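Asks: Fold the following for me, if possible:
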Amino acid sequence: MRRFASLAALTAAAALALAGCAGPGSGAPGISTPSSPPSAPVTGALLGAGSSAQQGAIESWSARLTAAHPDAHATFDARDSGSGRQAFREGRASFAGSDVPFTPEEVTAGGFAACAKGSETVEIPAYVSPIAIVFTLRGVDSLKLDPTTIAGIFTGAITRWDDPAIVATNPKAKLPATPITPVHRSDASGTTANFTDYLDQTAPDVWTAGSVDSWPAGLRGEPAEKSSGIALAVRGGEGRIGYVDASAAEGLSSVMIRVGDDWVKPSAQGASAALDAARIEQGRAPGDLATRIDRGTTAEGAYPVLLIGYLIGCTRYEKPATAALVKAFFSIAVSNEGQKAAAAATGSAPISDELRTKAQFAIDLIG
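Replies: A predicted model of the protein is given here:
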């Protein structure tokens with residue numbers, strides 16, 4: 001009987017352990033709500049790299065990390081998503097902030113020097129922001145453009161502001177014969193990847209370059225570095241149009257886009273509505289929450305020209321202190337307070353409670 005009791009206890013313990021390893025939606029008990037962020041003090045310096053769009057949000061999370069753990073701080077090299085993923089792959093940064101997740105092929109190939117041997121990657125949607133299509137045109141403060149027209153402008157098929165396609169959706173605007181100068185990113189950018197993904201999904205007959213993070217060679221336009229560079233270029237010349245993270249769009253006129261039968265302007269609420277229509281990609285590891293955005297959604301109020309900024313880390317690090325820092329930082333980022341801080345700093349859209357639950361489950365795999 002003693003042996004039977006011991007066996008029953010071991011079986012129960014094993015069942016609990018397996019339940020703890022199950023992913024969101026698996027039906028296992030005990031994972032309907034996220035665990036609390038780590039309460040034990042963490043110490044040390046954490047280095048990340050990547051998206052310039054995420055810089056304001058990451059700075060707000062870094063401040064909260066130090067407030068909670070005075071001997072810990074995080075720094076972030078904000079260049080672009082491509083350089084952040086590369087720094088993480090080469091082990092020069094312990095985490096990446098990227099507006100584009102690693103592809104399944106990249107994950108399978110492995111070779112992430114930031115991670116310990118045998119580790120899986122963790123990709124957490126933590127920053128959600130609309131991408132504003134901004135322009136400068138004297139006497140015109142508002143424009144309505146459908147996806148085909150936007151694609152025509154950025155491919156060079158539409159070259160003047162009084163083109164019939166623009167006039168058709170803006171019949172009351174005094175549109176001049178001014179030449180159009182599209183402004184695009186010069187660096188490998190998650191903002192570009194998400195903008196071209198929108199064009200690829202909604203106007204594939206006009207935009208044939210696919211979803212890419214580097215602007216296609218051969219297309220007309222003026223290059224600029226980072227969203228701040230595009231915003232500066234658009235402000236600096238008549239007839240220019242570009243695409244920027246909404247945090248960089250202050251003081252510029254923005255395009256309203258057609259969504260179904262409605263015209264929708266960029267907003268945090270619209271980005272949230274579009275995110276609600278998105279789905280986590282199937283076939284990924286339990287901690288990999290890479291998400292597919294439906295750019296053609298007709299959900300009420302949705303603004304599908306948005307980016308999802310991911311925090312990318314490892315389930316295992318060579319140094320336990322690094323794992324503790326990453327886990328604490330990621331937990332702060334997805335917390336209700338962290339999301340509010342990012343929204344206040346950048347105008348981003350807070351993630352939903354459901355996504356927060358899934359994100360915290362993934363974060364709890366670290367270490």
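Asks: Sketch out the helices for this structure, chain order is fine.
Replies: 2-21, 55-68, 81-90, 104-109, 147-155, 164-169, 190-202, 226-235, 268-276, 320-334, 336-346, 353-363 (DSSP state H).
Asks: mind checking which of those is nearest Leu219?
Replies: helix 147-155 (6.1 Å; C-beta to C-beta). Placement of C-beta: from N, CA and C, glycine included.
Asks: show me where pLDDT drops low in the chain?
Replies: 1-39 (pLDDT under 70).
Asks: Indicate which one of the helices of the chain is closest to Ala116.
Replies: helix 320-334 (8.7 Å).
Asks: Which positions in that closest one come out as buried?
Replies: 322-334 (16 or more other C-beta atoms under 10 Å).
Asks: and what of stretch 357-367?
Replies: 357-366.
Asks: what do you get for stretch 233-250?
Replies: 233-234, 239-249.
Asks: go on, stretch 203-214?
Replies: So for stretch 203-214, counting by 16+ other C-beta under 10 Å, buried means 203, 206-207, 209, 211, 213-214.
Asks: coming back round to it: quick one: the helices of the chain as JSON lines, columns for distance to Gly44 too.
Replies: Converted to JSON lines, the helices of the chain look like this (distance: least, C-beta to C-beta, whole Å):
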{"stretch": "helix 2-21", "distance to Gly44": "27"}
{"stretch": "helix 55-68", "distance to Gly44": "11"}
{"stretch": "helix 81-90", "distance to Gly44": "18"}
{"stretch": "helix 104-109", "distance to Gly44": "27"}
{"stretch": "helix 147-155", "distance to Gly44": "44"}
{"stretch": "helix 164-169", "distance to Gly44": "54"}
{"stretch": "helix 190-202", "distance to Gly44": "28"}
{"stretch": "helix 226-235", "distance to Gly44": "29"}
{"stretch": "helix 268-276", "distance to Gly44": "33"}
{"stretch": "helix 320-334", "distance to Gly44": "5"}
{"stretch": "helix 336-346", "distance to Gly44": "20"}
{"stretch": "helix 353-363", "distance to Gly44": "18"}
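Asks: Distance-wise, check the residue nearest to Gly118 when sequence neighbours are not counted relative to Val42.
Replies: Leaving aside its chain neighbours, Gly118 sits nearest to Arg316 (6.6 Å; criterion: C-beta to C-beta, 6 or more residues apart in numbering). Distance from Arg316 to Val42, counting by C-beta to C-beta, to the nearest Å: 17 Å.
Asks: These two - which one has more neighbours?
Replies: For Arg316 versus Val42, the count of surrounding residues by other C-beta atoms under 10 Å is larger for Val42: 20 against 17.
Asks: and the more buried one, how far is that from Phe330?
Replies: Taking C-beta to C-beta, one finds Val42 at 12 Å from Phe330.
Asks: before we move on, the earlier item: just the buried residues of stretch 233-250 now: which is nearest Gly283?
Replies: Asp245 (29.2 Å).
Asks: Tell me the bridge partners for that closest one.
Replies: Ile131 (DSSP bridges).
Asks: Please apply the same query to the one 10 residues further on.
Replies: When bridges are called by DSSP bridges, Val255 pairs up with Leu143.
Asks: show me the contacts for it.
Replies: 132-135, 143-145, 150, 241 (C-beta atoms under 8 Å, 6 or more residues apart in numbering).
Asks: Could you work out the most separated pair of the buried residues of stretch 233-250?
Replies: It's Gly239 and Ser247 that sit farthest apart of those, by C-beta to C-beta, at 24.2 Å.
Asks: Please report how far Leu46 lies from Glu222.
Replies: The value you get for Leu46 to Glu222, if C-beta to C-beta is used, is 37 Å.
Asks: In this structure Asn194 contacts Pro304, no?
Replies: No - Asn194 is not in contact with Pro304 according to C-beta atoms under 8 Å; the separation is 9.8 Å.
Asks: Would you mind writing the CA trace of stretch 221-234 as PDB?
Replies: Extracted C-alpha coordinates of stretch 221-234, given in PDB (Å, rounded to 0.1, in the frame of the first residue of the first chain):
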ATOM      1  CA  GLY A 221      11.200  57.600 -54.800                       C
ATOM      2  CA  GLU A 222      13.400  59.200 -52.200                       C
ATOM      3  CA  PRO A 223      15.100  57.100 -49.600                       C
ATOM      4  CA  ALA A 224      15.300  58.100 -45.900                       C
ATOM      5  CA  GLU A 225      16.600  56.400 -42.800                       C
ATOM      6  CA  LYS A 226      14.100  55.400 -40.000                       C
ATOM      7  CA  SER A 227      10.600  56.700 -39.600                       C
ATOM      8  CA  SER A 228      11.900  60.000 -38.300                       C
ATOM      9  CA  GLY A 229      13.900  60.400 -41.500                       C
ATOM     10  CA  ILE A 230      10.800  59.800 -43.700                       C
ATOM     11  CA  ALA A 231       8.800  62.300 -41.600                       C
ATOM     12  CA  LEU A 232      11.500  64.900 -42.000                       C
ATOM     13  CA  ALA A 233      11.700  64.300 -45.700                       C
ATOM     14  CA  VAL A 234       7.900  64.600 -46.100                       C
END
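Asks: For Ala74, the count of nearby residues, please.
Replies: 25.
Asks: Specify the stretch among the helices of the chain that is closest to Gln282.
Replies: So among these, helix 104-109 is nearest, using C-beta to C-beta, at 10.0 Å.
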